[in-house]
Every structure is written in C-alpha cells, then in structure tokens.
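A.B. asks: Show me how the following folds:
(one chain, ligands or ions: 2)
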Amino acid sequence: MSAGSQPDSQGAQSVLQVRDLEVHYGPLTALQATSFDVAAGEIVVLLGANGAGKSSLLKAIMGLEPIAAGTASFDGRDLGRLPSHRRARLGIGYVPEGRGVFPTMSVEENIFVGLRKDGAREKVLSTVFELFPVLSERRRQVAGSMSGGEQQMLALARALAGEPRLLLIDELSLGLAPKIVARLFEKVAQLRDSGISILLVEQFAHAALRVADRSGVFVRGEMTAFGAAAELAALTPAQLTEMYFGTRGSNVANGSEAAANSTTEVQQQ
Ligand SMILES: Nc1ncnc2c1ncn2[C@@H]1O[C@H](COP(=O)(O)OP(=O)(O)O)[C@@H](O)[C@H]1O
Ligand SMILES: [Mg+2]
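C.D. replies: Ligands and ions are numbered 1, 2, ... in the order given. Predicted structure coming up:
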C-alpha cells in the first residue's frame, strides 16, 4: 500500500495514515499494532474505556510519545521522529485531554499561544470568534474563571490558531454536561464542513457518533472495530458498553480497505 496515494473507500484522499502503530511504556504495550486512515474532510471517532490507549495513540501521532513500531503519515509524509512543533507546523492541531488552557492568561493570550504565524493574529481571531462568539465577549477574561465548556471551546480555538488541516481531539466531552457536549460536537461538525479533518477520541460519548463519519473501538490497546459510524450508532448504549469492554462482538463492517489489514471484523476478545 503506497503511502499518501491510497484513496479510502469513499474515494477521498487520506490525510492521516496509521499503519501497525505501537506505543510502549517500558514493558507495557499501551497501543498494539493499529492501522486506520482519516480521509480528507471526515470525522473519525475512536471510542474506548479508560486505559484503552486512546491518548497514547494521539500523543504518538502528535510526537509527544515515541512510536515504538509502525508508522503515522500526514499527507503521505512519514512523521517518523519529527518533534511535535514541526508536526504542528505541517498542519496537525492537538487538543489535549483536560484542555490544558493557561488559567491565569486571558482568552486572547491563550489563543495566541497556538499561532503558527504571528501575522495571522487578526485572521485567526475573526475565525475563532465567529465559531465561538462567547470567546469574543470574554477575550480579556482570564481563562481559569470560565466554565468547563468555555474552556473547552478555548482549547479548540487555540488549536485552530495553528490553522490545522488535521485536528486531534482528546476527550472533548470530559466533565461536561450533555447539552454542552452536544453543542461542542456541532462545532466539530462545522469544522469538518470547513475542510478540517478530525480524529476525535472519546470514552463514553455516544453523541460523538452522530457527527462522526467513521468510528472505531479500542479495547485494551487493540482496535476491535472500525467502520461507518452509523453502524456503531445503531447499537444500544448497553451493546456499545459491552463492546467497550470487549465482552461483545458484532460485525461492524470495515469502512476502508486500509484498515482491513488489522480489523476486518469486530473480533471477540
Ligand atoms: N506515561 C505513561 N507511563 C506509563 N504508562 C502509561 C503512561 N501513559 C499511559 N500509560 C498506560 O498506558 C495505557 C493506555 O493509557 P492511555 O493511552 O492514557 O489510555 P486512554 O486515553 O484510552 O485512557 C494505560 O494502561 C495507562 O496506564
Ligand atoms: Mg485518555
């Protein structure tokens, strides 16, 4: 399979290709050989219980944890051992778990931390303020005094300041009320519609499946399902929970030939 030129099943070009990727912490394999693609302009949501390896996957793609085996390629370019700031400059944005906003800095200052080009300040502000009007109203407020949902918007805004073409989002819904979460997922769908490809990992956010194009499930570091999001969304919450814990199999079809290497069907753990 040639890097970068492999169209996925929808005929779109892959922005991100992950092949047999592994992350280790000493003797612990946090992520077993994992393969999937994110196509241009799609939202991929990967679900899994606490400790399933979701954050490790995003960190390896972002260059914050070393890749122990396999590859991650962006626009056909193997990311290898590139440091994370170089990956950001290539166009990969990252919203870490727990948001990581700077609490004593203002909203505006937090956004500027994410800037890739200093000259882009005004353009970036107008883009993120259009998407999140509340941040415009609070541009001089210190970030730590805002609600959890507003801080999550700010974390998204800071990542958008780097003008990414691929956005990695770690648990957007963490600690937020369902209504706020639904609104944030709508924003993510808007970002997708504006042409940004999105890889989102989530623990128990079934709502994420409503905006996702394709989705997968991780169980103890292994991808056990990957396919059209509608197929996972059609499961009941109880069935989905069983899948999170690897106690249930299903035949969620594979959405891409690429991922077929490792996960043709949901495998029983
Ligand atoms: N820095 C680390 N050092 C050692 N083990 C880690 C580290 N980070 C994560 N792990 C372990 O790797 C596994 C996967 O963790 P993680 O990727 O954070 O999962 P998730 O994001 O799905 O909750 C867990 O067993 C976790 O304890
Ligand atoms: Mg995590």
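A.B. asks: Buried residues of stretch 185-205, list them for me.
C.D. replies: 185, 187-189, 191-192, 196-205 (16 or more other CB atoms under 10 Å). For every residue, glycine as well, the C-beta is placed using N, CA and C.
A.B. asks: And these, which two are furthest apart?
C.D. replies: Within these, two members stand farthest from each other by CB to CB: Ile196 and Phe204, at 24.6 Å.
A.B. asks: Now do the strands in the stretch 101-250 of the chain.
C.D. replies: Secondary structure of the stretch 101-250 of the chain (DSSP state E, counting those that start in this stretch): strands at 166-170, 197-202, 214-219, 222-228.
A.B. asks: Which residues are in contact with Ile156?
C.D. replies: Heads up, residue 156 is Leu, not Ile. 95, 132, 169, 172, 184, 187 (CB atoms under 8 Å, 6 or more residues apart in numbering).
A.B. asks: Of all residues in the stretch 1-150 of the chain, which one is closest to ligand 2?
C.D. replies: Ser55 (3.1 Å; CB to the ion).
A.B. asks: Assign that residue to helix, strand or coil.
C.D. replies: helix (DSSP: H, G, I helix; E, B strand; the rest coil).
A.B. asks: That one: neighbour count?
C.D. replies: Here the number of neighbours of Ser55 (other CB atoms under 10 Å) works out to 22.
A.B. asks: So which of the contacts of Leu156 are in helices?
C.D. replies: Applying DSSP state H to these, the entries found in helices are 184, 187.
A.B. asks: Who wins on neighbours among the contacts of Leu156?
C.D. replies: Neighbour max across these (other CB under 10 Å) = Ile169, 27 neighbours.
A.B. asks: Enumerate every residue touching that residue.
C.D. replies: 95, 156, 159, 188, 198-201.
A.B. asks: any weak-confidence spans in the stretch 1-150 of the chain?
C.D. replies: Residues of the stretch 1-150 of the chain meeting the criterion pLDDT under 70: 1-12.
A.B. asks: Point out the residues in it that sit beside ligand 2.
C.D. replies: 54-55, 97 (CB under 5 Å from the ion).
A.B. asks: before we move on, back to that, which two of the contacts of Leu156 have the greatest separation?
C.D. replies: Phe132 and Ile169 (14.7 Å).
A.B. asks: What ranges does the stretch 1-150 of the chain have for its helices?
C.D. replies: For the stretch 1-150 of the chain, the helices defined by DSSP state H, counting those that start in this stretch cover 54-62, 84-90, 107-113, 121-131, 133-137, 148-160.
A.B. asks: out of the ones you listed, nearest to Asp37?
C.D. replies: Nearest of the helices of the stretch 1-150 of the chain (CB to CB): helix 54-62, 12.3 Å.
A.B. asks: Can I get the closest one as CSV, trimmed to CA atoms?
C.D. replies: Extracted C-alpha coordinates of helix 54-62, given in CSV (Å, rounded to 0.1, in the frame of the first residue of the first chain):
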residue,chain,number,x,y,z
LYS,A,54,-6.6,6.4,23.1
SER,A,55,-4.5,9.2,24.4
SER,A,56,-1.3,7.3,23.7
LEU,A,57,-2.4,7.0,20.0
LEU,A,58,-3.0,10.8,19.7
LYS,A,59,0.3,11.5,21.5
ALA,A,60,2.2,9.3,19.2
ILE,A,61,0.7,11.0,16.1
MET,A,62,1.5,14.4,17.6
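A.B. asks: And that helix, what does it pack against?
C.D. replies: strand 14-25, strand 28-39, strand 43-48, helix 84-90, strand 92-95, strand 166-170, strand 197-202 (3 or more CB pairs under 8 Å, 6 or more residues apart in numbering; DSSP states H and E).
A.B. asks: could I get the ones you listed as CSV with distance to Arg77?
C.D. replies: Output for the helices and strands packed on helix 54-62, formatted as CSV (distance: least, CB to CB, whole Å):
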stretch, distance to Arg77
strand 14-25, 10
strand 28-39, 14
strand 43-48, 19
helix 84-90, 7
strand 92-95, 11
strand 166-170, 12
strand 197-202, 15
